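Engineer: here is my input, please return the structure:
(one chain, ligands or ions: 1)
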Amino acid sequence: MRVEGMGLVERLGLELQAPLDPDLPAVWYRGSAPGKRIGDRGGSLEVAIAFPGEDPIHRCDRIGTVPATLTAYLLCRRFKPDLLVNAGTCGGFQRAGASVGDIYVAGRDLLFHDRRIPLPHFDEFGVGRIPAATVPSHLSRSIDASPGVISTGDSFTPTSEEEAFFAAEDVCCKEMEAATIAGLSRDLGIPFLAVKAVTDLVDHPEPEQDAFQRNLEHVSERLQDRLAVLLGHL
Ligand code: ADE
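Structural biologist: All right, here's what the predicted structure looks like:
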């Protein structure tokens, strides 16, 4: 969602680019950011940030796996990044010790919790189980992030079957994009990092959507503060 990243776009002074595809609402911004001084790179990073954009019919941001994959694919073909980062918000779990505002990076695997296909081979294809790259500890420490299993699905509220899946797989972050972008990154051979900030607790009596709406703006600001720090370490 644009609210999860437009503050960083503005802070870095990135510029709006011509559409990734003239028939899609996806938007992307490009510019430079201060990075680590390495060799002849002079401490500057080329940065692009893309969003799937606003659905012209429903007048809300396009969220979920299909717009995320399409936008990330078009961005990778256009911008050819050395590192693809999927940053956004997630539901966390009290069972895993999470609180609103906590930051996670993908650890162990990225899963899909809503692709139930009880057929040989397709069952594990459905779950995805895409290995997460090990994030160097100085990077996760720099943004005070913990590694955790991320699980992706296209619904905001979980079924009881999905709740059982979260417990069995030790899921720490439930969200709607990371695993599909991780799969795309694997196909394209681009290193991938997911950074997620907790807006709501899935295993809390309060409905996720209420906490999400209350916390989205301030947690997104916190996430973007951390992303700015992370860029300085790349
Ligand atoms: N993004 C933020 N919180 C979420 C949740 N509980 N489920 C899915 N996506 C989310």
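
Engineer: hey, let's count contacts and neighbours off CA atoms from now on
Structural biologist: OK.

Engineer: longest helix of the protein, counting residues only.
Structural biologist: For the chain, the longest helix by residue count, based on DSSP state H, is helix 208-232.

Engineer: ok, and does that one reach over to the ligand?
Structural biologist: Yes. Contact of helix 208-232 with the ligand (C-alpha under 6 Å from any ligand atom) involves Glu208, Phe212.

Engineer: now stretch 105-121: average pLDDT?
Structural biologist: What stretch 105-121 shows for mean pLDDT is 97.

Engineer: list of residues touching that stretch?
Structural biologist: For stretch 105-121, contacts defined as C-alpha atoms under 8 Å, 6 or more residues apart in numbering pick out 123, 126-135, 140, 145-154, 162, 165-166, 178-179, 182, 193-196.

Engineer: narrow the residues you listed to just the buried residues.
Structural biologist: Buried by 16 or more other C-alpha atoms under 10 Å: 126-133, 135, 140, 145-154, 162, 165-166, 178-179, 182, 193-196, out of the contacts of stretch 105-121.

Engineer: could you list the residues of the protein in contact with the ligand?
Structural biologist: Counting by C-alpha under 6 Å from any ligand atom, the residues of the chain near the ligand are Thr89, Cys90, Gly91, Phe156, Lys174, Glu175, Met176, Thr199, Asp200, Val202, Glu208, Phe212.

Engineer: format the residues you listed as a markdown table; extra columns: secondary structure, neighbour count and pLDDT.
Structural biologist: Shown next, in a markdown table, are these (DSSP: H, G, I helix; E, B strand; the rest coil; neighbours: other C-alpha atoms under 10 Å; pLDDT from 0 to 100):
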| residue | secondary structure | neighbour count | pLDDT |
| --- | --- | --- | --- |
| Thr89 | strand | 28 | 98 |
| Cys90 | strand | 31 | 98 |
| Gly91 | strand | 27 | 98 |
| Phe156 | coil | 16 | 97 |
| Lys174 | strand | 29 | 98 |
| Glu175 | strand | 25 | 98 |
| Met176 | coil | 24 | 98 |
| Thr199 | strand | 29 | 98 |
| Asp200 | strand | 30 | 98 |
| Val202 | coil | 26 | 98 |
| Glu208 | helix | 19 | 96 |
| Phe212 | helix | 19 | 98 |
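
Engineer: is it true that Ile130 touches Ile181?
Structural biologist: No. Ile130 lies out of contact with Ile181 (C-alpha atoms under 8 Å); the separation is 10.2 Å.

Engineer: how distant is the longest helix of the chain from the center of its chain?
Structural biologist: 12 Å (C-alpha atoms, centre = their mean, to the nearest Å).
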